[in-house]
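Visitor: Sequence unavailable; structure follows:
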């Protein structure tokens, strides 16, 4: 993908993950829509909104999202920043090649779920049950449990929970596993004290424009199945903290 | 409390080492051994130090134990490294505290960096000090432009001075009294192990030090960093710096004049309206830009840090030599003791042996006293 690079002060560009689409999930056109055009749109708007503000224009999207999560007058900046992060995080976790779930991940999964299949079922069922646009995350908390979190629209698991947007506004209910303990946990995931942290391992895009082009407006379930098959478990494993055993501990 | 460095030379042994008695190899059979003493007091000491292979970690790390604080920190760092820049790619940009927190070293300086920091921007031409003529490149937009080759060369020279002064245990004072310079001044002083000042210099702090600093305690410390165990000096001598770095000479005329009177070399950032003769090592640069000042102070701090590291390495070597001398002396004495112990068979022999030992120690003490008498009068060796 050739993108015009803007080297003006504070300008940002994103870089492509896969140049020929994610075969098996997105067609070339859908990939173009979801990544090339959409990410550019998000970043251009972010540049536009933060232009001229010296304290904002050189921050990464994650830092921007956390910074503006509590400012209602900067909600637009938050939305674009959070969405840019979430979208890139999603595409980073996809691949065209087959990958296996790593041993360490197996341990984490078995600690919280009956099996990887059970995780898949619950994860995709939660994503399917979400009514409206959003993201569904797999989060690892400090007690080594994997938890499922739904964030509607441009909600983020970071930033003290002010813009987590995990409550369905129609039913006032939360989907996914119990996330009460996450309120304090995720707020420190980006900076601050490290106790009670939570780290996102994986997310799936549950925005309608992700599946409507290839699968039609009713094709959500099929889209989710295809996404699960395309998950890059190597990347997910690299995000998860490594488990150490006594034999592999490096000597000081 | 003011700390002053005393000057015992590192080659001479400290008295504590010479007065040390060697360990006794043999005890009388009827004397209580060390084990029963410990048992009486209820302490059980480990016979071996902890295994080095485990490092600082004592408990095994397995999958089912919760993360320790160290694990959590590493996880956090890993996450930040991996995922914090997700979302876009930031083009190169200036981070305001970059040079404050990680200043470049003198060898990493470039003219482009100085220009980007605004070091070339002088004052209006009408306000110039003609003594700066040699440093001025030209005029543009009604201001004098400082030649950056002069800035670079003078800054490198000043850095070399700082480096060497710190290396030979010199006291450096970093002064910057303008608003916004506090953080820079403190950081620079910390990097080189010196002292900082960001408030007004009290006139007479050098020339009238006895009065200004009356009531301050002065504790001597030797080159190894050990304070005098007998406490503060009874008749404190005021401390004067060996080098002063001034980031705004225009506002610190009194300080610089006092330094001149006492022969204390000074380094100063000289703008086009400042007088270059006020300091020993002028650095022609823009003193109104915080970015420029932060860069210059950072470079000097880096240079001082290099000198400090070399100094610490030297001190470590002295300590090691001292320990080796200790060991050798102990080994010699042990050999002597072993030779003599072969002859002890009864009480008389033991008494003779003890007398010989005491005679030896008396001789050693006499030698030490002789050495001490030969020394010029310096603060007490301890």
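Guide: Looks like it came in fine. Bear in mind the structure is a predicted one, so any value in this text is a computation, not a measurement.
Visitor: low-confidence ranges in the chain?
Guide: Since you didn't name a chain, this refers to chain A. A:1-21, A:160, A:177-197, A:243-252 (pLDDT under 70).
Visitor: wrong one, chain B
Guide: B:1-64, B:97, B:99, B:339-344, B:375-382.
Visitor: Helices of that one, residue ranges please.
Guide: Secondary structure of chain B (DSSP state H): helices at B:15-18, B:34-41, B:69-83, B:98-101, B:111-116, B:148-167, B:182-192, B:209-212, B:253-261, B:290-341, B:347-374.
Visitor: May I see those helices organised as TSV, with mean neighbour count added?
Guide: Every residue, glycine included, has its C-beta placed from N, CA and C. Output for those, formatted as TSV (neighbours: other Cβ atoms under 10 Å in any protein chain shown):
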stretch	mean neighbour count
helix B:15-18	13
helix B:34-41	9
helix B:69-83	15
helix B:98-101	16
helix B:111-116	15
helix B:148-167	20
helix B:182-192	21
helix B:209-212	14
helix B:253-261	18
helix B:290-341	17
helix B:347-374	12
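Visitor: Mind checking these for the one nearest to chain A?
Guide: When those are compared by Cβ to the nearest Cβ, helix B:69-83 sits nearest chain A, at 3.9 Å.
Visitor: Which elements pack onto the closest one?
Guide: strand A:198-205, helix A:233-239 (3 or more Cβ pairs under 8 Å, 6 or more residues apart in numbering or on different chains; DSSP states H and E).
Visitor: For those, give me CSV that also has mean neighbour count and distance to chain B.
Guide: Shown next, in CSV, are the helices and strands packed on helix B:69-83 (neighbours: other Cβ atoms under 10 Å in any protein chain shown; distance: least, Cβ to the nearest Cβ, whole Å):
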stretch, mean neighbour count, distance to chain B
strand A:198-205, 23, 5
helix A:233-239, 17, 6
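Visitor: out of the ones you listed, which comes closest to residue A:44?
Guide: Nearest to residue A:44 among the helices and strands packed on helix B:69-83 is strand A:198-205 (19.6 Å), distances taken as Cβ to Cβ.
Visitor: tell me the angle of the closest one relative to helix B:69-83?
Guide: With axes from the mean of the first three to the mean of the last three Cα atoms, to 10 degrees defining the directions, strand A:198-205 sits at 30 degrees from helix B:69-83.
Visitor: Strands of chain A, start to end?
Guide: A:12-13, A:134-141, A:146-152, A:198-205 (DSSP state E).
Visitor: show me the contacts for residue B:358.
Guide: If a contact means Cβ atoms under 8 Å, 6 or more residues apart in numbering or on different chains, then residue B:358 has no contacts.
Visitor: ok, stretch B:117-133 near chain A or not?
Guide: No. On the criterion Cβ under 8 Å from any Cβ of the partner chain, stretch B:117-133 is out of touch with chain A, staying 15.8 Å away.
Visitor: For chain B, what's the nearest residue on the stretch 51-200 of chain A?
Guide: For the stretch 51-200 of chain A, Cβ to the nearest Cβ, closest residue to chain B: residue A:61, 3.2 Å.
Visitor: residues contacting that residue?
Guide: A:46, A:80-82, A:84-85, A:88, B:86-88 are the contacts of residue A:61 under Cβ under 8 Å, 6+ apart.
Visitor: Among these, find me the one that's closest to residue B:363.
Guide: So of the contacts of residue A:61, ranked by how close each gets to residue B:363 (Cβ to Cβ), first place is residue B:86, at 76.2 Å.
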